[in-house]
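Undergrad: sequence first, then the predicted structure, then my questions.
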Amino acid sequence: DVLALASPTVFGRAERVQRLAGELAGRLAPSDRWSVEIAATVWHLGCVTLPPAVAEKVGRGLPLEGDEAARVREVPAAAGRLVAHIPRLERVRELLHAVGEPAGGADAPLAAQLLRAALELDTLEARGLSPAAAFDELDVALAGCDPRVLAEIREVRGYEGAASCVRELRLQDITLGMVFADDVVNHAGLLLIARGQEVTMPLIERVRTYWSDDAARETVRMIVRAAPRGRADDADARDVSDAPDAPDAPDAPDAPDAPDVPAPHDTAAGRGAGEAPADAATTTPATTTPATTLAGRFGWWR
């Protein structure tokens, strides 16, 4: 979130690349998934060493001029130096070094190839290329890489498209897990939130605190993603019938039969003062917390 405040454009790209690279690693290099996701984020932290104008170009996938490309090629090395003294990030530094090497190809670790592919594809998509054109360019950029990388990235992008939908709603109604489909700028054209940035609680608090007036009027396009395959979208959505049966409790001795007492009618006259209806104990009011929705302050989106 510090990077989001310093450079929303770069932060949006970091989140997009991290999601894609993590998904690829989960399929082809599961043991490296954590390292790939961290490396994707740290790579973009290295952009703090770039002039702001160059970092903006990186975030937007714009063509680089003159010595700008050379400076961007130094980003992985700069990122590696930022985490050089952090324990247990040796694998992350190895991946950053491999991504920073020219060419690389099939000789590079598979995890590094996946990260490189995610970086390249995000740049092509940020330029506004169609999916077909972006993949044609990606085939050239990743020539010599493990063929599984290109095949898997095509499959992942196809699944993401089928499992997501885009909805237009008011900014005040965004919820955790949604992803911005477009950049959000203020009236002066200043970028506030980058395309691809995922909604987090700090972002929701910023909307509540600083942008509440505009958020009630302005609409944004949000990507609503389906739950990843094999996982429920919410813990409460799991079918409780899938849970293992609890062991049977030992039989308790039978209690003596109680005398039959006619139940009073469930009316105000049939209840004592302050008594609740007979079924009140089985119904609880639905609660909504700020961790899942903005309903408590702005109302639920329709």
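TA: Yep, that arrived.
Undergrad: helix or strand next in line after the host helix or strand of A25, which one?
TA: For A25, the host element (DSSP states H and E) is helix 8-28. Reading on from helix 8-28 to the C-terminus, the next helix or strand found by DSSP H and E is helix 33-45.
Undergrad: can you give me the buried ones in that following helix?
TA: 33, 35-45 (16 or more other Cβ atoms under 10 Å). For glycine as for every other residue, the C-beta is placed from the backbone atoms N, C-alpha and C.
Undergrad: cool, stretch 116-136 as well?
TA: Along stretch 116-136, the positions that meet the burial threshold by neighbour count (16+ other Cβ under 10 Å) are 116-126, 129, 134-135.
Undergrad: measure that stretch end to end?
TA: The stretch stretch 116-136 measures 16 Å between its terminal residues, going by Cα to Cα, to the nearest Å.
Undergrad: please apply the same query to stretch 173-188.
TA: 23 Å.
Undergrad: before we move on, what about stretch 168-177?
TA: End-to-end distance for stretch 168-177: 15 Å, by Cα to Cα.
Undergrad: quick one: mean pLDDT for that stretch?
TA: If you average the pLDDT over stretch 168-177, you get 87.
Undergrad: quick one: the strands in the protein?
TA: Along the chain, the stretches classed as strands by DSSP state E are 164-170, 179-180, 184-185, 191-193, 219-225.
Undergrad: partner strands of the third one and their direction?
TA: Translated: strand 184-185. According to DSSP bridges, strand 184-185 has the following sheet partners: strand 191-193 (antiparallel).
Undergrad: ranges for the helices of the stretch 51-200 of the chain?
TA: Across the stretch 51-200 of the chain, reading from the start of the chain, the helices by DSSP state H, counting those that start in this stretch fall at 52-60, 68-73, 75-82, 90-100, 110-126, 131-141, 147-162.
Undergrad: residues in contact with the second one?
TA: It stands for helix 68-73. Applying Cβ atoms under 8 Å, 6 or more residues apart in numbering, the external contacts of helix 68-73 come out as 50-51, 54, 57-58, 64, 100, 102.
Undergrad: redo that, cut-off 10 Å
TA: When contacts are defined by Cβ atoms under 10 Å, 6 or more residues apart in numbering, helix 68-73 is touched by residues 46-47, 49-51, 53-55, 57-58, 62-64, 78, 100-102.
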